[in-house]
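Colleague: Quick one, what's the 3D model for this:
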Amino acid sequence: MRPRRSALFLPASNARAIEKARTLPCDVVILDLEDAVAPTQKAAARDAAVTAVQDGGFGARELVVRVNALDTPWGADDLAALARSAVGAVLLPKLADSETLLTTRTALGGGPALWGMIETCGGVLALREIVGAAGATGLAALVAGTNDLARELRCRVGADRATLLPVLAQIVLAARAGGLVALDGVINSLDDQAAIAAECAQGRDWGFDGKTLIHPAQIATANAAFAPSDAEVAAARQLAAAFDGREDEGAIRIEGRMVERLHLEEARRTLALAAAITARR
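Modeller: As a prediction, the model looks like this:
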């Protein structure tokens, strides 16, 4: 169990941002070589990302690099550089087929895990194919690219994100079917903490494991939203304790309600996540 409540994007070309990320309470740091980096800075950003991975200092934070797409002038060089690094995962933008996963796995060898951004209509339609290739390619996470999805869908996104929810549900469903991590898309608001909290809570309620972020001011809110509450941890402990010595029973009664072993599995997951978060602190 590894917490991924908050995954902070930052441009790999920004040395000060990388240094600051080593001190931030986010669970995941994503060094970006794609959208956040101008074409003239691509090579320098790639070198900076590789150096950051080599230098380390990120502690328990998971380190991920988002590369440029393979059909760009920079994608192949990004993969070649990272194949020789100790990065935790490589995040592929605009993932829309299993062939890209296979090509990337070949380029990287047996090194880092793969994460895939689902941010195009084609990617949504190919989710079954993409998740089906997870075992062979080391795909470990799906990341919703909500800004790109909204643009391609030409939908208007309000505070409730109602127009995106059918797509977000498909991403979570695919991730769960494949045993993958599911991360919600970014929120563009930097100062409206109520809006940030509401969107994080919505992502949690729809089943995401955490949220991608674009600013450190969003981290604490995401960490709180995607962590089990004290009440949830207490209830999980009570349920797990109630099953002690009753392993042969499929369902038991606790305080007037019937619970089954599937509830026990979820309780154990809650406790494991809470323990992992406590260890990170």
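
Colleague: okay, CA-based contacts and neighbour counts for the rest of this
Modeller: Will do.

Colleague: Is G116 in a helix, a strand, or coil?
Modeller: Under DSSP: H, G, I helix; E, B strand; the rest coil, the three-state class of G116 is strand.

Colleague: That one and V233, how far apart?
Modeller: Applying CA to CA, to the nearest Å, the value for G116 to V233 is 31 Å.

Colleague: Among the two, which residue is more densely surrounded?
Modeller: Using other CA atoms under 10 Å as the criterion, G116 and V233 rank with G116 on top: 25 against 20.

Colleague: hang on, that one packs against T137?
Modeller: No: using CA atoms under 8 Å, G116 is not in contact with T137, being 11.4 Å away.

Colleague: Pairing partners for the most centrally placed residue in the chain in the sheet, please.
Modeller: In the chain, the centroid-proximal residue (CA atoms, centre = their mean) is L183; its distance is 3.6 Å. Here L183 shows beta-bridge partners V143, G210, assigned using DSSP bridges.

Colleague: which residues does it contact?
Modeller: Contacts for L183 (CA atoms under 8 Å, 6 or more residues apart in numbering) come out as A141, L142, V143, A144, F208, D209, G210, K211, T212.

Colleague: Tabulate the residues you listed in TSV, adding columns for pLDDT.
Modeller: Shown next, in TSV, are the contacts of L183 (pLDDT from 0 to 100):
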residue	pLDDT
A141	98
L142	98
V143	98
A144	98
F208	98
D209	98
G210	98
K211	98
T212	98
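
Colleague: Enumerate the positions of stretch 160-170 that are buried.
Modeller: By neighbour count on 16 or more other CA atoms under 10 Å, the buried set for stretch 160-170 is L164, V167, L168.

Colleague: quick one: the helices in the stretch 151-281 of the chain?
Modeller: 165-178, 193-205, 219-225, 230-243, 261-280 (DSSP state H, counting those that start in this stretch).

Colleague: Quick one: closest of those helices to G56.
Modeller: Closest to G56 of these is helix 261-280 (CA to CA; 16.8 Å).

Colleague: That closest one relative to helix 230-243, how many degrees between them?
Modeller: 130 degrees (axes from the mean of the first three to the mean of the last three CA atoms, to 10 degrees).

Colleague: Report all helices and strands that helix 261-280 contacts.
Modeller: Where contact means 3 or more CA pairs under 8 Å, 6 or more residues apart in numbering; DSSP states H and E, helix 261-280 is packed against helix 230-243.

Colleague: Please export the alpha-carbon coordinates of the helix it packs on; PDB is fine.
Modeller: Taking C-alpha atoms only, helix 230-243 is exported to PDB below (Å, rounded to 0.1, in the frame of the first residue of the first chain):
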ATOM      1  CA  ASP A 230     -10.600   9.000  12.000                       C
ATOM      2  CA  ALA A 231     -14.100   7.700  12.000                       C
ATOM      3  CA  GLU A 232     -13.400   5.400   9.000                       C
ATOM      4  CA  VAL A 233     -10.300   4.100  10.600                       C
ATOM      5  CA  ALA A 234     -12.100   3.400  13.900                       C
ATOM      6  CA  ALA A 235     -14.900   1.600  12.000                       C
ATOM      7  CA  ALA A 236     -12.400  -0.500  10.000                       C
ATOM      8  CA  ARG A 237     -10.600  -1.500  13.200                       C
ATOM      9  CA  GLN A 238     -13.900  -2.500  14.800                       C
ATOM     10  CA  LEU A 239     -14.900  -4.600  11.800                       C
ATOM     11  CA  ALA A 240     -11.500  -6.300  11.500                       C
ATOM     12  CA  ALA A 241     -11.600  -7.100  15.200                       C
ATOM     13  CA  ALA A 242     -15.100  -8.600  15.000                       C
ATOM     14  CA  PHE A 243     -13.900 -11.100  12.400                       C
END
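
Colleague: other SSEs contacting that helix?
Modeller: Helix 230-243 is packed against strand 251-254, helix 261-280, with contacts defined by 3+ CA pairs under 8 Å, 6+ apart.

Colleague: Of these, which is nearest P3?
Modeller: Minimum separation from P3 across those (CA to CA) falls at helix 261-280, 6.3 Å.

Colleague: Please identify the buried residues of that closest one?
Modeller: Under 16+ other CA under 10 Å, the buried positions of helix 261-280 are R261, L264, A267, R268, T270, L271, A272, L273, A274, A275, I277.
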